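**Student:** here is a sequence together with a model predicted from it:
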Amino acid sequence: MNSTQSLIGTWALVAWYNQTSDGRKLYPLGQDATGYISYTADGFVFVQMAAAKRTPYALNDPFGGTPDEDSAAIKSQITYSGTFERVRDRVIHHVTHASCPNWVGSKQVRNIEFVADGLRLSAAGAVFQGQTVTAYVDWKRAVP
């Protein structure tokens, strides 16, 4: 299997944590967050991660949330998609759509490590919740 082929497919989230310079682990979406990352054979990537227990809107209308409901909804998930390329031990996500508008047009560079039965993506120098951290996201192959 060539290096890009080893990424192809859908992976389920095991854990996402950010490590501070003093070693603390922060879980932006909680220790029980869920999600998927999918790498397609034609070069696309789709990422969706969310807190396990999100508060629903009072109305069943995706555009009908109150300002407080909208704020809670956006801060309890992260999504982005685009194309990707593998460069040695890194994968570069070229973002075309994202829940964080600032990411559109950006390159999200992740270090790749295949561990045990899964995949670890990491990014040093990431900024989350006002802190510079090393982000670690662990994935396992998704099973339908």
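**Tutor:** That came through fine.
**Student:** alpha carbons only for contacts and neighbour counts from here, please
**Tutor:** OK.
**Student:** make sure residue 74 is indeed in a helix.
**Tutor:** Yes. Per DSSP: H, G, I helix; E, B strand; the rest coil, residue 74 lies within a helix segment.
**Student:** so what's the nearest residue to residue 84 once chain neighbours are set aside bridging to?
**Tutor:** In space, and not counting its chain neighbours, residue 84 is closest to residue 93: 4.5 Å by C-alpha to C-alpha, 6 or more residues apart in numbering. Under DSSP bridges, the beta-bridge partners of residue 93 are residue 84, residue 108.
**Student:** count of neighbours near the nearest residue to residue 66 once chain neighbours are set aside?
**Tutor:** Of all residues not flanking residue 66 in the chain, residue 57 sits nearest, at 8.0 Å (C-alpha to C-alpha, 6+ apart). Counted with other C-alpha atoms under 10 Å, residues neighbouring residue 57 total 17.
**Student:** these two touch, right, residue 57 and residue 65?
**Tutor:** Yes. Applying C-alpha atoms under 8 Å, one finds residue 57 in contact with residue 65, separated by 5.8 Å.
**Student:** convert stretch 57-70 to CSV, retaining C-alpha atoms only.
**Tutor:** Only the C-alpha atoms of stretch 57-70 are listed here, as CSV (Å, rounded to 0.1, in the frame of the first residue of the first chain):
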residue,chain,number,x,y,z
TYR,A,57,-32.4,24.1,19.4
ALA,A,58,-35.9,24.8,20.8
LEU,A,59,-37.2,24.8,17.2
ASN,A,60,-36.4,22.0,14.7
ASP,A,61,-35.0,24.6,12.2
PRO,A,62,-31.2,24.8,11.4
PHE,A,63,-31.6,28.6,10.9
GLY,A,64,-34.0,29.1,13.8
GLY,A,65,-31.6,29.2,16.7
THR,A,66,-31.4,32.0,19.2
PRO,A,67,-28.0,33.8,19.4
ASP,A,68,-27.3,31.7,22.5
GLU,A,69,-28.3,28.5,20.8
ASP,A,70,-26.2,29.4,17.7
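**Student:** list the contacts of that stretch.
**Tutor:** The contact list for stretch 57-70 (C-alpha atoms under 8 Å, 6 or more residues apart in numbering) reads 55, 56.
**Student:** give me the buried positions along it.
**Tutor:** Of the residues in stretch 57-70, 57, 65, 70 count as buried by neighbour count, 16 or more other C-alpha atoms under 10 Å.
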